[in-house]
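Visitor: let me see the structure of the following:
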Amino acid sequence: MTTEVNRPALTMTSVKAACDKAPAGPKKDTALKHFRAAEKAQTAKNHTQMNKELGAAKLALG
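Guide: Prediction:
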C-alpha cells in the first residue's frame, strides 16, 4: 500500500482518538455524529464525503 492509501485510515484514527479524549458535552456529541458519518462514507468508498465529515468532526472539537 502506498502512503496515500494509508492516510485516510490515519486520519480516522486520529479523529477517533480526539473524540474519545474529549470531555462529555455537546461538542463531543457533534464530533461523534460527524465521525460516524465519516465511517459510513469510508465504508461506501466515498472519500470526499469522508474527508468532509472528518473535517467537521475536528472543527466541532476545536
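
Visitor: which residues of the chain fall in helices?
Guide: Listed in chain order, the helices of the chain (DSSP state H) span residues 3-21, 26-43, 47-61.

Visitor: quick one: average pLDDT of the shortest one?
Guide: For helix 47-61, the mean per-residue pLDDT is 93.

Visitor: same question for the second one.
Guide: Confidence over helix 26-43, taken as the mean pLDDT, stands at 96.

Visitor: before we move on, what about the longest one?
Guide: Per-residue pLDDT values across helix 3-21 average out to 79.

Visitor: hang on, residue 8 packs against residue 51?
Guide: Yes - counting by C-beta atoms under 8 Å, residue 8 does reach residue 51; the two are 7.4 Å apart. C-beta: built from backbone N, CA, C; applies to glycine.

Visitor: before we move on, back to that, now render the helices of the chain as CSV, adding mean neighbour count.
Guide: As requested, the helices of the chain are exported to CSV (neighbours: other C-beta atoms under 10 Å):
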stretch, mean neighbour count
helix 3-21, 13
helix 26-43, 16
helix 47-61, 17
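
Visitor: OK, contacts around the most centrally placed residue in the chain?
Guide: With distances taken as C-alpha atoms, centre = their mean, the chain has residue 54 as the residue nearest its mean C-alpha position (3.4 Å). Contact analysis of residue 54 by C-beta atoms under 8 Å, 6 or more residues apart in numbering lists 11, 12, 15, 34, 35, 38.
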